[in-house]
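>>> predicted model and sequence below, questions to follow.
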Amino acid sequence: MKALVCINRSYRRHFVTVIQELTERGYELLFIDETDGCEDKVSVLKNGHRELQLNLNHRGAWLRTMEKIRHTRCQIFFLQPFFERHPYLRTRFESFTDPFVHRLLSSKLPFLLKGLDRIFRGLENALPLPERILNEMRAFQPDLVIVTPLIFMGQVHQYDYLKCARALGIPSVFPVFSWDNLTTKGALLDIPDFTIVWNETQVAELEKLHRVPREKILVSGAYRFDEFLSLRPSVDRSPYLRNLGLDSAQKTLLYIGSSELCAPDEGKFCGDWIREVRKKSSANIVVRPHPRNTASYENNDDLRREGVALSLGTSLKESQSLYDALTYSDAVIGINTSAMLEAAVLGKSVFTVSTPLTKEWQQRTLHFEYLQNLLHHADSFEEHLRQLEGTKGGADPRSVRFAQSFLGLGGGESPTVRFAEALERAVRAGSAPAPRKAAGRIPHKFLEAYAKISK
C-alpha cells in the first residue's frame with residue numbers, strides 16, 4: 001500500500017504511532033511538505049520512507065491569488081450566525097482579505113454574504129491545478145492521499161492535494177489534527193472522500209458547520225495521545241521537585257499556560273492567582289507557560305516567591321517535560337489550553353476559575369465548552385481555592401470519563417489502530433476519477449481581473 005502524506009513537517013511528531021502502525025502494515029509513505037523559501041529536495045528518512053520538500057513558489061503567479069481567495073472564504077465562514085457569540089473568531093481572517101472585500105463583508109448582510117460566497121467559490125473553481133503536484137502524484141501512484149492539518153490559519157495551499165487526488169481518482173483522507181481545528185482555524189473549503197475525527201462532537205461540527213455528509217466521516221479517537229500514554233517519568237518525584245527548588249513533602253499545584261489566542265495577558269493573571277493561592281496554601285506551585293505565550297510572564301515578581309517555580313518550555317515538542325510535570329502534580333490549573341487534554345489522559349484533576357477577565361478569554365472560542373465535563377469549574381477565587389483544598393490526588397473519575405468519551409482512550413483497540421483501519425476503509429471505498437471541467441471563458445476572466453486588483 002502506498003500513501004502520499006501532505007503534512008507540515010512540525011506536525012509529523014504527533015503521528016509517530018500512526019506512522020509506526022502503517023509501517024508495520026507494509027505501507028510505503030511519501031511525505032510532502034511545502035514551505036516558503038526552502039530548496040526542493042528528496043530525502044530518505046530513518047524509517048525507510050521518503051520526504052519531498054517543495055518551495056511554495058513552484059505554484060507560480062497564482063499562489064498569492066489562491067491564498068486571497070481561500071482566506072476570504074474562511075472569513076465568510078466565520079460570519080455565519082453560528083459564530084455571533086464569538087466576535088473574536090469573526091475577525092481572525094480580516095488581515096488576510098482585501099480591504100475592499102473586507103468592507104463588503106463587514107456589512108454582514110445575508111444576501112451579500114451568500115453572493116460573495118458564490119463568487120469566491122467560482123473563482124476557486126477557476127484556479128488551475130498545480131502541475132507539479134499532479135506530476136508527483138502520477139509518478140508515485142499512491143493508493144491514498146492523506147492531508148493534514150488542512151484547516152490551518154494562514155496556510156491554505158493543502159487543498160490542492162485534495163483537488164489533484166480527485167482529478168486522478170485517488171481516495172483522499174483528512175485527519176482532523178486537534179480539538180479546535182474545526183471551529184477556530186478556518187473553513188473546510190473542499191470535502192475529501194473521508195474525514196477522520198476524534199469523537200462525536202467533531203462529527204457534529206463537520207455536519208453542522210462544514211456541511212460534510214455523515215457517511216464521509218469516520219471516528220478513530222485521538223491517536224496523537226497514544227504516544228503520550230506510552231511515556232514514563234524521566235526522573236523520580238523527589239529529585240524532580242528538588243531540581244525546581246521545591247519541597248517534596250508539600251502538595252504540588254501545576255499551572256499550565258494557554259496560547260495568546262486564549263489568554264493574551266496571562267502572566268498578570270497568573271500572578272494574581274499565585275497571590276490568592278498563597279492566602280490559603282503553602283503548596284508547591286509550578287508554572288508552565290505556553291511556549292508561544294511567555295512574554296507576559298517576564299519580570300513577574302510573584303514567580304520569584306518561595307515555593308514557586310517557573311518551568312519554561314522552549315518548544316511545543318517537549319512532551320517528556322510536560323509528562324513529568326503532570327505526573328508529579330496533585331492538581332492541574334489553567335484557563336483554556338490543550339495541555340488540559342494531556343492532564344485528562346493521565347487522570348489528573350483539572351481546575352479552572354472564571355474571573356471577569358478569564359471569562360472573557362474563555363468565551364473567545366467554542367472549544368472551551370467541550371471541557372465542561374472535564375473541569376472543576378469555579379466562578380470565584382474563593383470557590384476555586386475550596387476546590388483545590390479538597391483535591392486528593394490520584395485518578396479523577398471526571399478525567400477518566402473525559403479521556404474515554406472525548407479522546408477515545410481506554411478499552412478495546414487504540415485510536416492509532418482505529419485510525420489505520422479507517423484509512424484502509426477509505427482505500428476499499430475508492431474514488432472515481434473526476435477530471436475538472438474547464439472553468440470557461442467568463443470565470444477565467446473574472447479570476448484574471450481579481451488577480452490584478454488583489455496584488
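Looks like it came in fine.
>>> going forward, measure contacts and count neighbours with C-alpha atoms only.
OK.
>>> what segments of the stretch 51-200 of the chain are helices?
63-78, 87-90, 99-106, 110-126, 131-140, 159-168, 181-184, 200-209 (DSSP state H, counting those that start in this stretch).
>>> can you flag the weakest of the ones you listed by average pLDDT?
Mean pLDDT is lowest for helix 99-106 among those, at a mean of 79.
>>> just checking, what packs against it?
helix 110-126 (3 or more Cα pairs under 8 Å, 6 or more residues apart in numbering; DSSP states H and E).
>>> coming back round to it: of all the helices of the stretch 51-200 of the chain, which one is nearest Ile146?
helix 159-168 (8.6 Å; Cα to Cα).
>>> count of residues packed around the residue lying closest to Pro433 once chain neighbours are set aside?
Once flanking residues are discounted, Pro433 sits nearest to Gly169: 3.5 Å by Cα to Cα, 6 or more residues apart in numbering. Applying other Cα atoms under 10 Å, we find 17 residues neighbouring Gly169.
>>> mean neighbour count for the helices of the stretch 51-200 of the chain - can I get that in a markdown table?
A markdown table is the format used below for the helices of the stretch 51-200 of the chain (neighbours: other Cα atoms under 10 Å):
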| stretch | mean neighbour count |
| --- | --- |
| helix 63-78 | 22 |
| helix 87-90 | 18 |
| helix 99-106 | 14 |
| helix 110-126 | 16 |
| helix 131-140 | 14 |
| helix 159-168 | 22 |
| helix 181-184 | 20 |
| helix 200-209 | 16 |
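>>> dump those to TSV, plus distance to Gly26.
Formatted as TSV, the helices of the stretch 51-200 of the chain follow (distance: least, Cα to Cα, whole Å):
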stretch	distance to Gly26
helix 63-78	36
helix 87-90	42
helix 99-106	49
helix 110-126	36
helix 131-140	16
helix 159-168	22
helix 181-184	30
helix 200-209	30
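>>> tell me which of those sits nearest to Pro433.
helix 159-168 (5.2 Å).
>>> so which of the helices of the stretch 51-200 of the chain comes closest to Ile19?
helix 131-140 (18.3 Å).
>>> need the contact partners of that closest one.
Contacts to helix 131-140, defined as Cα atoms under 8 Å, 6 or more residues apart in numbering, come from residues Leu4, His58, Arg59, Tyr161, Cys164, Ala165.
>>> re the thing from before, mind checking which of the helices of the stretch 51-200 of the chain is nearest Glu51?
That would be helix 131-140 among these, by Cα to Cα, at 12.0 Å.
>>> convert that closest one to CSV, retaining C-alpha atoms only.
Below are the C-alpha coordinates for helix 131-140, written out as CSV (Å, rounded to 0.1, in the frame of the first residue of the first chain):
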residue,chain,number,x,y,z
GLU,A,131,1.1,20.8,-12.4
ARG,A,132,4.0,19.9,-10.0
ILE,A,133,1.6,18.2,-7.6
LEU,A,134,-0.2,16.4,-10.3
ASN,A,135,3.1,15.1,-11.7
GLU,A,136,4.3,14.0,-8.3
MET,A,137,1.1,12.0,-7.7
ARG,A,138,1.3,10.4,-11.2
ALA,A,139,4.9,9.4,-10.5
PHE,A,140,4.3,8.0,-7.0
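>>> any idea how far it is from the chain center?
28 Å (Cα atoms, centre = their mean, to the nearest Å).
>>> now do stretch 258-269
18 Å.
>>> flag the shaky bits of the stretch 201-350 of the chain, pLDDT-wise.
For the stretch 201-350 of the chain, residues meeting the criterion pLDDT under 70 lie at 313-317.
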